[in-house]
Each structure stands twice: as C-alpha cells, then as structure tokens.
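*Asks:* return a 3D structure for these sequence lines:
(2 chains)
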Amino acid sequence: MATAAKKTSARIKADGKSLAIKVPPPAKFDKEQELRAYRDMLLIRRFEEKAGQLYGMGFIGGFCHLYIGQEAVVTGMKMALVEGDQMITAYRDHGHMLAMDMSPRGVMAELTGRRGGYSKGKGGSMHMFSKEKNFYGGHGIVGAQVSLGTGLAFANRYRDNDNVSITYFGDGAANQGQVYESFNMASLWKLPVVYVIENNRYAMGTSVSRSSAETDFSQRGLSFRIPGIQVDGMDVRAVKSAAELAVEHCRSGKGPIILEMQTYRYRGHSMSDPAKYRSKDEVQKMRSEHDPIEQVKARLLEAKWASEDDLKAIDKEVRDIVQDAAEFAQNDAEPDPSELYTDILL
Amino acid sequence: MPIEILMPALLPTMEEGNLSKWLKKEGDKVAPGDVIAEIETDKATMEVEAVDEGTLGKLLVAEGTEGVKVNTPIAVLLQEGESADAATAKSAADGAASKPDADTPAAASGDAGGKAREADDEPSVKKDAAKAPAAPKAEIAADPDIPAGTEMVQTTVREALRDAMAEEMRRDEDVFVMGEEVAEYQGAYKITQGLLQEFGARRVVDTPITEHGFAGVGVGAAMAGLKPIVEFMTFNFAMQAIDQIVNSAAKTLYMAGGQMGAPIVFRGPNGAAARVAAQHSQCYAAWYGHIPGLKVVMPYTAADAKGLLKAAIRDPNPVIFLENEILYGQTFDVPKLDDFVLPIGKARIHKQGKDATIVSFGIGMTYVVKAEAELREMGLDVEIIDLRTIRPLDFDTIIASVKKTNRLVVVEEGFPQSSVGDHIASQVMQRAFDHLDAPVITIAGKDVPMPYAANLEKLALPNVGEVVEAVKAVTYRA
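*Replies:* Numbering: from 1, shown residues only, chains lettered A, B, ... in the order given. The predicted structure is shown next:
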C-alpha cells in the first residue's frame, strides 16, 4: 500500500512538483482547548444517544445515522475554520451541524419533523441546512455533496475571498464517479476545498477492503495532483493540526487537498443495522482504547486541568442542553398543513 | 425521578419484538452507551444501549419474552438515592400512560396512513381533497407591452440566446456561464459566441467532459449565491447529471425550509436534431416537467428565447431551458428594447382562431404553423397556443381557448407515454369536460428509439399531415 503510494508520488515528482506532504504532529492544546474539545465532542455524543433513544420511541422516523465514535473529526476540523468557511456533508450529519454551532433544539426538532426544525420539519435527519452558520447540508445521495462542495469552493474562488469549503464524505462515497469528476475540476481550477474523507471502515455493511481497490484514501487524488495525508481521526489534536495545514494550503492558493480521517462509528450504519458484518470485540476495542472523548478526559485529569467534579459539571451542562432539545423536539408542533405547498419555488 | 427504559423501535415499521437477552442485571450500574439488552425482530437481532446513567433498579420484562410492544417500559433506571420499590410502584401506576398514544408522532403518522388507505377505497374525491390544502395558484403577469413603433430586428434564435446571456452578464456580476466548449471554441453550437471575449475566462468557463460533476459544481455555486448558466452540449448528455438537477437543484429549497435554493439555469439543445439517432435525439420536456421545484421553459421563437432566457437567469429557482438545434438558425422578429423580459409560466396565443385549438411548444410549433396554412385553405380557422413554458403550465390559457373552440389537439416531438400532451388532455378532461365537442387528440413522436435511417427518422417524428388530420377529426371534417 505505502509502496504503491510512493511510486505514484515519485512519478509526479519527475516534473519537479512534489505532492508529498508531511503529516503534522498532533496540535498542542492548552487547557481551554482541551476543555472546549471535551465539551463539544460530549455534546455530539449525548445528542446522538438521545436521538437514538427518540428514534426507539418512535419520535424520529425514517433513516437516522448516528455519529457516535467520529466526534473528533468535525470538532478538530471546526477548530481550524474562520468566519465564512463552509461545511457540507452527506447524511451522517448531526455532528457537523452541532460543530457549526447550529442550535441543538433546531436540529433535534428537525429529526422529529416539527415546525421548529431547521427545515421546518420538511427535510429530516439527512437534509438540514443553515445559511447563517454556513452549513450547506445534509445530503441524502452518496457522493452528491462532493460536487456541491466543490461548487462552494468555486464560488469562493469566483468572489476572490479567502474562504474554504470543507467537503466531507465517507469511504463508501469515495468510490462514486462524481467524486473524481470533482477532484479533476478542483485541481484544474485550484479551488479552495478540503476533501475530508471520513474513513470509518464500513460503507454501510461493506468493509473498505471488500469495496476499495486502493484502501489508502489519502492517495485517491494523486491522478489529479491532489495531495493527501492520513490522520488519526480519533485524536482531536491530530485532526486540528491536519485541518490547519489543509486550510492554509487552500487559502494560499494551492488548490484542493485530501485529509483521510481514520475513524470509527460505534453504532450501526443507521438505526436499523443488525451489525452482522463486524465483531463485537472490534467495536469494543475501539471504544475502550481509542475513544476520542476518553482520550481528552484522560489528558485533562492527568494535567490536573480539570477534576472529576469539573468534568461532571460539564457533563451536566451538556446533558441539560440535550434534554432541553429533546423536550422541545417532542413538544413542538408539527408543521402547519399549509406548509405542504411552501418553499417549492421562490 | 426513576427513568423508564422503553422497548425501542429499531425500524420505522417495527411494532413489537422479542426481548431475547438481558446483558445487565438488577443492581448493575450503567453508563450511556452500555449495551443492556438484545432484542430480536423479524429482521435481525439488535442491541439496546443505555442513554442515561444510573443503576438498573428493576427489569420489568423477563428475558425470552416474545411480542413486546414498542414503547413498553422494559426496565427502570434509578438515579442516586432512589429505591427500586418506589420505581416499581410508579411504573405500575404510569405504565399505561407511558405507552404510545395518539400524540406520539409514530402513532399519529400510522393513523394518517390508515386513513389514507381507507380513502383510496372510497369513490368520493371531496374527502380526500379536504386532507391536503389546495395547491396555491401562482399569479403570473402578462407579457409586457411592446410600445408602438418599436423596431423589430430579424434575429436568429442562436443570436437571441447569446444576446440574452450577454445582457444579463452585463447586468449582474454573479451570472456566469459554464459548460463544454463554451469559451475558446465559442460554443459547440455557437450560442456563446463572443462571450469569452467580452467577459473573460473567469465568467465563461470551459469545463472538462464531466456533466455529472459540473452540474453539481454549478448547483453548489448557486447554493452559495452565484447565478450559473450551465450549458449542456445537449440535454441527452444531461442524463449523466440528472441526479444533481433533480435531487440537489430542485429539492434543496423545500428540504431547507426555504433557507437556501439554487438560482441556476441549465440550458442547451433538446430533442431530435437530424440523423443523430437514438442516444442524441430525446425530448426531456415531460421528464423535467414532472419535477416540483423546477421551472421548465421550451421556447419556439427568437423573441421568446430571448425574453424567457433573461427571465430564467433572473429567476431565483432552478430553470431547465430546452432549446432545439434545428431552431437555432431560424429567424424571427425580436423587439429592439433595452430590457425585454417575458414571464415564465405564460403561454402565448400564436394565432387567434375559432374552430379548434392546437397546443404545442418548441419545435412542435413548426408542424403546427405549416398545418395551419393548409387548414386555412380548407376553411378551418384554428387557434394556436405556444406553451413556451412546460412548468408551471398555463392551463388558464388552454382552457379559455377550449371553451371557445371546444376542440383540442396537442403536438410535441417527445415520446407518447406520460407526455406533456397526455397531462394536458387529462387536465382538460377534468376541468373542461363539458366544453369538449370531440375527444382530445395528442400527437407525439412514435413510441420507438429514434432510428438513424432518414426514412425511418421521418416516420418516427410527428408530421404536418398528422396535425391536419387530427384537426379534421376533432372538427368532424374527416
């Protein structure tokens, strides 16, 4: 795997332009950053657990894809962004929205299909947007968001601003044709887009080794001269330093870059996933040895930047936010029937 | 207060399941994410995870119980200082109340589904109609008045389209055009001729041959607030991109609750050209006309091409603009006005008449115009309506005409099944049945892939004779 990647790099190097990028060491977090990361990831975790519960109770319908286990990816990415940078992803999107500071009430109420949801209850779990927070969805068709995110970057370049489009997709979407159509244009036109491949090892129930001829996703852009690196997506510090490198790469006019986030989802693909394709031991091992939240917790305690009680206070704050969102989402009214025919055309 | 753990639904359709195994026992401490039980449905075995922290006070449903209804309390979770006895008593008292009732969304939607199915069995339409609010009727302005004495300039459809884009690009910096061969080559059909020279490569963007990709890039740019004009070399190639057009461009405004949409124009030649065979000769009017969230325009004359393309570029919604290669070189009068914009959604009465109504659009109009001349010689005075827009469809104009002539023929080049004409015929039947003196006749392309051979291609398309015969039939002159 690594050998093949090196060969390709060498070939491209022949014209004097090396694509090799060194993986930066994990960022050094100060106390504030550690606490912030802990709180933000915990909010996603607790929110998702609550969403799973509400799904079980019948308050959330349809498909519901939980982000549990992958929290460090969006949290670390967000730490490198500035005002105006855009985010777009597929349907495992609740974590991305919370990371972009969208209101937990608005997201949860959308999950329950209520009028106070971000899309007035008309989009649901997979289709939510916030123009105000620069979150461009929430897309239900695997891979479609990659072209759209490239289009957001096109708009940044057209307007000659400094903003970057952070375009997420999974290891499954990485095999869609339009991903490579987008890579080609993004590189050709030097568009400011960071392609974040969230490799959680399974495209629904198919492991990467059973679906992908090249499983080093960071190398998937080589044919288009897009550099890429593999990142420990379970370590929020590693994500943040990679994110900073990537957005700087884009802002300096060098065009797109790929970050392969090596991560893991604890839950099934969606709520109705019987998880027959992987062992319980595998899941348990990731949870006990690589959990993104536990890693931060351990560091906070070890550095004595927080006591157990301090962390409990954060837990309570987060739990209260989630509880408030859940209550709002259960009690808010369904959309008025008159909404059936609104928002089709402007 | 003790927390009840309920039997979860792991599928939207799940109503009950078997509690196959408890993985924790009474008195065990649990944390969020801990697997506490396994349940079994007809589809699979799945795990139940704890959401809250606490101590398992009481298991209310025994391991191995079958047919446990969703939302039945299966265990009680105690917080610090709470006792299991109090919890059990509470559960016994509240058990019934905590079961799903009509207020829960799952129950409510199930209920609605049941009603809808019942309604299907009833012949009465009124009851069904009462459920959903009526679709709002769009107010569409009439064509602008063209001041007397306005100079008319003989213009090809090709030039009219180019002028429309150039005028709008001068007017609005956010408008740009992208597509294959639109810049250096000056357009595969020369529609973008001169635009690169005037606006530069930033706003006239040659793309690789990558329809799916650049349609998505266009929609993304539109979501960010730009106003792209995406040219497809032909709409036949846009099938590669139809997911982005339908799922991303057309549906985003609705799925975003009105927060963001895609102000974008997809344009290019549509339908059959000449001798290019099946893969390059398909009309997409009915396809895109099917999709809520799109506007679909298909002009015939150069004036309509110009006025409607300008309107499409200014429209905040995604607009499909269907042109035709054969029409590109045809010449029509275009009023010389500074800003000639026409309303999308308004049909144009091409010719007034009293004996029968012929509705057509785009290249279909060429058959109608020739047939009209023959019919006139036979003493038949037909009214011709050029739809111009397929969606929203101007039924008011069609029905007003049918009420006058009592006879209707619809002409198009597309395939016959689920055609635009079929939709018009069905609506006229429902809205103006009593005004019809003859069955509506729909003329379409034949139900075959477009053949290459010249004689077969001619047979596959509608022809003037068919239109003449149809009008004679509805007026009982046959």
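*Asks:* residue B:331: neighbour count?
*Replies:* With neighbours defined by other Cβ atoms under 10 Å in any protein chain shown, the count for residue B:331 comes to 15. Any C-beta I mention is one placed from the backbone N, CA and C, and that applies to glycine too.
*Asks:* list the contacts for it?
*Replies:* Shown in contact with residue B:331 (Cβ atoms under 8 Å, 6 or more residues apart in numbering or on different chains): B:154, B:155, B:156, B:302.
*Asks:* phi, psi for it please.
*Replies:* phi -110, psi 140 (degrees, to the nearest 10).
*Asks:* any idea how far it is from chain A?
*Replies:* 33 Å (Cβ to the nearest Cβ, to the nearest Å).
*Asks:* my guess is residue A:38 contacts residue A:295, does it?
*Replies:* No - with contact defined as Cβ atoms under 8 Å, residue A:38 does not reach residue A:295; the gap is 9.6 Å.
*Asks:* more neighbours: those two, which one.
*Replies:* residue A:38 (27 against 20).
*Asks:* can you show me the strands along the stretch 151-300 of chain B?
*Replies:* Secondary structure of the stretch 151-300 of chain B by DSSP state E, counting those that start in this stretch: the strands cover B:152-156, B:175-179, B:204-206, B:227-231, B:265-269, B:295-297.
*Asks:* okay if I get those as JSON lines plus mean pLDDT and mean neighbour count?
*Replies:* JSON lines is the format used below for those (pLDDT from 0 to 100; neighbours: other Cβ atoms under 10 Å in any protein chain shown):
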{"stretch": "strand B:152-156", "mean pLDDT": "97", "mean neighbour count": "16"}
{"stretch": "strand B:175-179", "mean pLDDT": "98", "mean neighbour count": "24"}
{"stretch": "strand B:204-206", "mean pLDDT": "98", "mean neighbour count": "21"}
{"stretch": "strand B:227-231", "mean pLDDT": "98", "mean neighbour count": "28"}
{"stretch": "strand B:265-269", "mean pLDDT": "98", "mean neighbour count": "26"}
{"stretch": "strand B:295-297", "mean pLDDT": "98", "mean neighbour count": "28"}
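*Asks:* got a markdown table for these, with distance to residue A:75 too?
*Replies:* As requested, those are exported to a markdown table (distance: least, Cβ to Cβ, whole Å):
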| stretch | distance to residue A:75 |
| --- | --- |
| strand B:152-156 | 58 |
| strand B:175-179 | 35 |
| strand B:204-206 | 36 |
| strand B:227-231 | 33 |
| strand B:265-269 | 38 |
| strand B:295-297 | 41 |
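*Asks:* looking at those strands, which is closest to residue A:188?
*Replies:* Each of the strands of the stretch 151-300 of chain B was scored for nearness to residue A:188 using Cβ to Cβ, and the closest is strand B:204-206 (10.0 Å).
*Asks:* how many neighbours does residue B:279 have?
*Replies:* For residue B:279, using other Cβ under 10 Å, the count is 12.
*Asks:* now the one 5 residues further on
*Replies:* One way to gauge burial is a neighbour count; for residue B:284, by other Cβ under 10 Å, it gives 22.
*Asks:* surely it touches residue B:322?
*Replies:* Yes - with contact defined as Cβ under 8 Å, residue B:284 reaches residue B:322; the gap is 6.5 Å.
*Asks:* who touches residue A:121 in this structure?
*Replies:* A:109, A:110, A:112, A:113, A:114, A:115, A:334, A:335, A:339, B:257.
*Asks:* 10 Å instead?
*Replies:* Contact partners of residue A:121, counting by Cβ atoms under 10 Å, 6 or more residues apart in numbering or on different chains, are A:109-115, A:332-336, A:339, B:257.
*Asks:* now list the buried members of these.
*Replies:* Buried subset of the contacts of residue A:121 (neighbour count, 16 or more other Cβ atoms under 10 Å in any protein chain shown): A:109, A:110, A:111, A:112, A:113, A:114, A:115, A:332, A:335, A:339, B:257.
*Asks:* any chance of the contacts of residue A:121 in TSV, plus pLDDT?
*Replies:* Shown next, in TSV, are the contacts of residue A:121 (pLDDT from 0 to 100):
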residue	pLDDT
A:109	98
A:110	98
A:111	97
A:112	97
A:113	97
A:114	98
A:115	97
A:332	98
A:333	97
A:334	97
A:335	97
A:336	96
A:339	95
B:257	97
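*Asks:* which two of the residues you listed have the greatest separation?
*Replies:* Going by Cβ to Cβ, the pair spanning these furthest: A:111 and A:336, at 19.0 Å.
*Asks:* in chain A, which spans are helices?
*Replies:* All helices of chain A, identified by DSSP state H, fall at A:2-13, A:31-56, A:71-78, A:94-99, A:104-111, A:144-159, A:177-188, A:208-211, A:236-251, A:280-290, A:292-302, A:308-331.
*Asks:* so where is the stretch 351-478 of chain B shaky, pLDDT-wise?
*Replies:* B:478 (pLDDT under 70).
*Asks:* contacting residues for the closest residue to chain A within it?
*Replies:* Closest to chain A within the stretch 351-478 of chain B is residue B:392: 8.2 Å, counting by Cβ to the nearest Cβ. By Cβ under 10 Å, 6+ apart, the contact set of residue B:392 is A:345, B:137, B:138, B:140, B:289, B:294, B:295, B:296, B:344, B:345, B:346.
*Asks:* repeat that for 8 Å
*Replies:* Applying Cβ under 8 Å, 6+ apart, the residues near residue B:392 are B:138, B:140, B:295, B:344, B:345.
*Asks:* kindly report the same for residue B:189.
*Replies:* B:158, B:269, B:325, B:328.
*Asks:* for these, which one is nearest chain A?
*Replies:* The closest of the contacts of residue B:189, once distances to chain A are taken by Cβ to the nearest Cβ, is residue B:269, at 22.2 Å.
*Asks:* wait, that closest one sits on residue B:237?
*Replies:* No - using Cβ under 8 Å, residue B:269 makes no contact with residue B:237, being 10.3 Å away.
*Asks:* pretty sure residue B:273 sits against residue B:282.
*Replies:* No - using Cβ under 8 Å as the test, residue B:273 is too far from residue B:282 to be in contact (10.9 Å).
*Asks:* overlap of the contact sets of residue B:284 and residue B:322?
*Replies:* Going by Cβ under 8 Å, 6+ apart, residues that sit against residue B:284 and also against residue B:322 are B:235, B:270, B:271.
*Asks:* any of the residues you listed buried? List them.
*Replies:* B:235, B:270, B:271.
*Asks:* can you get me a residue count around the nearest residue in space to residue B:328 that is not next to it in sequence?
*Replies:* Spatially, and ignoring its direct neighbours in sequence, residue B:328 is nearest to residue B:158 (4.4 Å; Cβ to Cβ, 6 or more residues apart in numbering or on different chains). Using other Cβ under 10 Å, the number of residues around residue B:158 comes to 22.
*Asks:* now residue B:278
*Replies:* 14.
*Asks:* which SS state does the closest residue to it other than its chain neighbours fall under?
*Replies:* Nearest residue to residue B:278 in three dimensions, chain neighbours excluded: residue B:449, at 3.7 Å (Cβ to Cβ, 6+ apart). Here residue B:449 takes the coil state, with states given by DSSP: H, G, I helix; E, B strand; the rest coil.
*Asks:* so who does residue 330 touch?
*Replies:* Picked chain A for this. A:54, A:59, A:112.
*Asks:* wait, I meant chain B there
*Replies:* B:156, B:157, B:302.
*Asks:* can you count the residues close to the second one?
*Replies:* Residue B:157 has 27 neighbours, counted by other Cβ under 10 Å.
*Asks:* repeat for the one 5 residues further on
*Replies:* Neighbourhood size, residue B:162 [other Cβ under 10 Å]: 22.
*Asks:* any idea how far it is from chain A?
*Replies:* 22 Å.
*Asks:* doesn't residue B:198 make contact with that residue?
*Replies:* No - counting by Cβ under 8 Å, residue B:162 stays clear of residue B:198, with 10.4 Å between them.
*Asks:* in the stretch 201-346 of chain A, what residue lies closest to chain B?
*Replies:* For the stretch 201-346 of chain A, Cβ to the nearest Cβ, closest residue to chain B: residue A:274, 3.0 Å.
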